[in-house]
Every structure is written in C-alpha cells, then in structure tokens.
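Asks: Only the shape, not the letters, is given here:
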Ligand SMILES: Cc1cc2nc3c(=O)[nH]c(=O)nc-3n(C[C@H](O)[C@H](O)[C@H](O)COP(=O)(O)OP(=O)(O)OC[C@H]3O[C@@H](n4cnc5c(N)ncnc54)[C@H](O)[C@@H]3O)c2cc1C
C-alpha cells in the first residue's frame, strides 16, 4: 500500500545490502530494556550453567576472565529497527564454556537468565560453532552497564533482544521455552533477515 | 516478573490499514495524528504501534510510536509525533501527511510498559520530551474511572512552549487533588534538570508508589531511575521505555 507523498531516505547500495528488511542504520547505540540497570557487583558476580534446576558449573568473575577469549566484529540488529555496523565484542565463546565445564550440550534448547529477571530462549544450534559469546568487552572496553555489562549473551545473527544483558547463566531446557519478550508476542527465534519480529512473522 | 503487570497473551501482529482522520500541530515540533484503525478497538495505555510507510517504488520504512489516547470506543486513536530534522518517518508526518492519507500499523505492542485501572497505584510517571506520550495515555485512562488512584507526573522538557498537552496536564493537576505535575524545563531561565528535590516533591505528594513508568531518551530514563531508586523506591516497581539514544 503506497503512502501518498512518502519518498524515504534510501541507503547507499552497499549499506542497503547489509541491512535486514525494515531496519535502518544508526551510529548511536540505542537501548532496549524493561527496567533500570540492575546493580551487579563483580565481587559477587557468578555465571552458572544449569540443566533444568541442576547447576552444572559456576564461574566467579576471576575464573570467567581466565577462560579463553574470542573477538567478533560485525553488524548487530535490534527489533526496534536500528542496526549498527562494524561493532567489536570480546568474550568467552559458548564452545569454550562447554569445554571448560567438560560437557556437551545436554539438550537442544536453553534459556539465558539475567540479573534483572529478564530471560530469553535460544536454540543450542545457534550458539555452537563460534556463533555466540558471553561477552565482557565492547569496542575494547568493559561493557557499560547500559549495554549489559559486566557480561551479556551475544548472538549477533539474531535480533539483539536475544543477546540478554546482565546475564547470570544459561539453563538448558528440553523444549524451546519462551522468555520475557517471547511471552509478550515477540518471535520465538528472531532472525532479522526473515524479519521475525513477532509471533507469526 | 509477570506479577508486576497483567499477563498479555501472545498475539499475532498483522499489518492494518489506517486512515488519518485528524492532524494538527500541538507544539512547534510535535504533531497530533488521529487514525481510524481496527487496532483502536483494544489496547492498554502505554502500548505502542509500529507504523510502516511505503514509497511508490516499494521502499518501506518502519518506526514505533506510543498511543497517546485512552481507549474511547470511537474506532480511532491518537499518536503524537515529534518531527526530527531530516527524520525519515517523523518528517513525513510533520510535513506531508494530511487528512485522508493512509499508513499501515501493527500492534498494540509492549505489555510490560502498560497500565490499566485494575493494576492500581499510586502511579509515579516520569517523561522526557516526547516520552510523555505513553504516560499521557495512562493519565487519560485513569480519568476514565480510576480517579481514586493517586498519580504524579514528572515531566522534563526543554521549554514550556515545547511541552506536549501542557494545558491539559495543568488543568488536570489543578482540578484533581489526586494528581500532581512536576515540570522541569531544562532550557528556560530559572529552569532545571530533574533532580533529587523534584523527585522528593513528587514522592511527598504521592506517597510510596505502587507502579513507576519512565519514558524518554536513555539519558533521561537513566537519570530518573537513579534518582527514584536513591529515594528508596524498589527497582522491581520501575518499568522503562527508551526512545532512541
Ligand atoms: C517503543 C517506542 C515508542 C516511541 N514513541 C514515540 C512517540 O510517541 N513519539 C515520537 O515522536 N517518537 C517516538 N519514538 C521514536 C520513533 O520511533 C522514531 O525513532 C523517531 O520518530 C525518529 O524516526 P525518523 O524516521 O523520523 O528519524 P530517522 O530518520 O530515524 O532519524 C533520527 C535522527 O537521526 C538523524 N539521521 C538519521 N539518519 C541520518 C542520515 N543518514 N543523515 C542525516 N541524518 C540522519 C535525523 O536527522 C534525525 O534527527 C518511539 C520509539 C520507540 C522505540
């Protein structure tokens, strides 16, 4: 349906090719979250892998910082329509976490859980093979609390709400279990290239 | 978390055609747009819609806008859109849009940033600039039969002339002893940014809040939530929505 008088601001072709449908490029770093930043103290920070309610392994901040590090540079896409190009993140890859815990993924799904009671679900297949980090640095600096520091999940090929801020652990689940936004109408998977913003997209 | 808001059942959002039935400037930069659309039949105060505009060649742009009105059975609702310099979508609304034009909408979106009378209060609301729009919808909803619920609105805006719905808000605060308005004009002689004293005034009028909604730029929301938490309000009561950077 054409909107009378709407021309729009076209992106240069090289930008357009990198933008998923419905997204626009920004140089800012806007923020989407449900409440204030939770206070997270590195002295008491813990990161825990669980299977259901059973803890598999817990790391303190010092232990976590001692794990192998992976750096990722590329584009991120938020469901509120902005995309940001060429961002650099550093952290511990999901593969390295499993290796340090001495396990293979026990189920095919998990829920990332945060210090502010936020949660989001991601298939394990989207995290393995170097596709995801638990990130602790952005642009070479510790991640600012506004952007989810000290640690956030980082799954750049999905809409950014899947990259849970202030993450405190990952809980393996037998079935794909809706998280905070997913219970409120957001898509279970969230692929920006298929524009999976909401249930039914 | 769901105890803080009513549970919203998962819904499928489809695009709906909407017609502009009224459009008028409300401040030097903000335009009120009333749309006739099937979505107007059911929404909660605080929710937003996604708006999609399509050019002749099929190029599309989408942005989110909060609903400013409370549900009123008219089959229409109001958006309030601040025209940004060279803004792709807001620029169309402030410069080109006219009565009879059509756009596409989907929603209503945003179950956690929403309020209805049964959710109760007291309501502490904080808006920066156009972030006041969803809070205006909450106050309008409250006026439809929930006037016993106390409400305080902290509103940070550059100048009085740029304040959205200022006449409506001031007459509401003057007429209704259960409502107080705490204006912070940041670019006016004698003006100020929101600070601990202003938050203290609002809390003194309101008493301990049961629900807190904050909306605006990230800077405003971060400052307001820090001040409100410093005043002793539990973080779990606070819901935020951030427009852009
Ligand atoms: C949940 C939610 C609710 C919202 N509710 C409201 C509301 O009620 N009212 C409201 O007014 N807004 C609201 N917003 C903000 C709104 O969605 C848009 O972000 C806003 O209108 C700007 O969109 P735009 O297309 O006009 O500007 P854009 O084109 O996106 O540009 C934004 C700014 O960046 C500049 N800019 C961007 N790209 C370029 C470029 N290539 N060259 C030069 N300059 C550039 C523009 O000059 C402009 O100042 C809401 C946002 C969210 C997420």
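Replies: That came in fine, so what should we check first? These numbers come from a predicted model, not from an experiment.

Asks: For the longest strand belonging to chain A, buried residues please.
Replies: Taking DSSP state E as the criterion, chain A has its longest strand at strand A:82-93. Buried residues in strand A:82-93, counting neighbours by 16 or more other C-beta atoms under 10 Å in any protein chain shown, are found at A:82-84, A:87, A:89-93. C-beta here means a position set from N, CA and C on the backbone, and glycine is covered the same way.

Asks: which residues in chain B form helices?
Replies: For chain B, applying DSSP state H gives helices covering B:88-95, B:133-142, B:166-175, B:196-206, B:218-230.

Asks: next one: chain A
Replies: For chain A, applying DSSP H gives helices covering A:13-16, A:61-65, A:94-101.

Asks: Show me which residues of chain B sit near the ligand.
Replies: Residues of chain B lying near the ligand by C-beta under 6 Å from any ligand atom: B:48, B:63-66, B:80-82, B:84-91, B:130, B:133, B:241, B:243-244.

Asks: Narrow the residues you listed to those that are buried.
Replies: Among those, those scoring as buried are B:48, B:63-66, B:80-82, B:87-91, B:130, B:133, B:241, B:243 (criterion: 16+ other C-beta under 10 Å).

Asks: Which ones among these also lie next to chain A?
Replies: B:63-64, B:88 (C-beta under 8 Å from any C-beta of the partner chain).

Asks: Spatially central residue for chain A, please.
Replies: Chain A has residue A:163 as the residue nearest its centroid, 1.1 Å off, counting by C-alpha atoms, centre = their mean.

Asks: Now do the strands in chain A.
Replies: Under DSSP E, chain A gives strands at A:24-25, A:46-51, A:54-60, A:70-77, A:82-93, A:109-114, A:119-123, A:133-138, A:141-142, A:152-154, A:167-173.

Asks: Assess the claim that residue A:1 and residue B:53 are in contact.
Replies: No. The criterion here is C-beta atoms under 8 Å, and residue A:1 misses it with residue B:53 at 9.6 Å.

Asks: Of those two, which one has the most company?
Replies: When residue A:1 and residue B:53 are compared for neighbours, residue B:53 comes out ahead with 27 against 11, by other C-beta atoms under 10 Å in any protein chain shown.

Asks: Next, count neighbours for residue 109.
Replies: Let's take chain A. For residue A:109, using other C-beta under 10 Å, the count is 18.

Asks: Chain B was what I was after
Replies: Count around residue B:109 with other C-beta under 10 Å applied: 23.

Asks: what sits against the residue nearest to it when sequence neighbours are not counted?
Replies: Sequence neighbours aside, residue B:48 is the residue nearest to residue B:109 in space, at 5.5 Å (criterion: C-beta to C-beta, 6 or more residues apart in numbering or on different chains). Going by C-beta atoms under 8 Å, 6 or more residues apart in numbering or on different chains, residue B:48 touches B:64-67, B:107-110, B:134.

Asks: Skipping adjacent residues, who's closest to the residue nearest the centre of chain B in space?
Replies: Centroid-nearest residue in chain B, with C-alpha atoms, centre = their mean: residue B:134, separated by 1.8 Å. What sits nearest to residue B:134 in space, not counting adjacent residues and going by C-beta to C-beta, 6+ apart, is residue B:66, at 4.0 Å.

Asks: wouldn't that neighbour be in contact with residue B:46 here?
Replies: Yes. Assessed by C-beta under 8 Å, residue B:66 is found in contact with residue B:46 at 7.4 Å.

Asks: can you list the domain ranges for chain B.
Replies: As recorded under automatic domain parsing, the domains making up chain B are B:11-109, B:117-243.

Asks: As JSON lines, those with mean pLDDT would be great.
Replies: Shown next, in JSON lines, are the domains of chain B (pLDDT from 0 to 100):
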{"stretch": "domain B:11-109", "mean pLDDT": "94"}
{"stretch": "domain B:117-243", "mean pLDDT": "95"}
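
Asks: any chance of those in CSV, plus distance to residue A:182?
Replies: What follows is these, written out as CSV (distance: least, C-beta to C-beta, whole Å):
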stretch, distance to residue A:182
domain B:11-109, 12
domain B:117-243, 18
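
Asks: which one of these lies closest to residue A:60?
Replies: Checking those against residue A:60 by C-beta to C-beta gives domain B:117-243 as the closest, at 23.9 Å.

Asks: Which pLDDT value does the model give the single nearest residue of chain A relative to the ligand?
Replies: Closest to the ligand within chain A is residue A:80: 4.4 Å, counting by C-beta to the nearest ligand atom. At residue A:80, the model reports a pLDDT of 87.

Asks: again with residue A:102
Replies: Residue A:102 is assigned 97 on the pLDDT scale.

Asks: Count the residues that sit near it.
Replies: Considering only other C-beta under 10 Å, residue A:102 is surrounded by 8 other residues.

Asks: measure it to residue A:49 for me?
Replies: Here the criterion is C-beta to C-beta, to the nearest Å. By it, residue A:102 lies 11 Å from residue A:49.

Asks: Show me whatever sits in contact with both of the two.
Replies: residue A:57.

Asks: how far away is residue A:61 from residue B:43?
Replies: Using C-beta to C-beta, we find residue A:61 at a distance of 43 Å from residue B:43.

Asks: Quick check on these two: which one has the bigger neighbour count.
Replies: Between residue A:61 and residue B:43, counted using other C-beta under 10 Å, the more crowded position is residue B:43 (21 against 18).

Asks: For residue A:171, list each beta-bridge partner.
Replies: Residues in a beta bridge with residue A:171, per DSSP bridges, are residue A:50, residue A:111.

Asks: from memory it sits against residue A:56, does it?
Replies: No. Counting by C-beta under 8 Å, residue A:171 stays clear of residue A:56, with 9.6 Å between them.

Asks: circling back: what are the phi and psi angles of the residue nearest to the centre of chain A?
Replies: Backbone torsions of residue A:163, given as degrees, to the nearest 10, read phi -90, psi 70.
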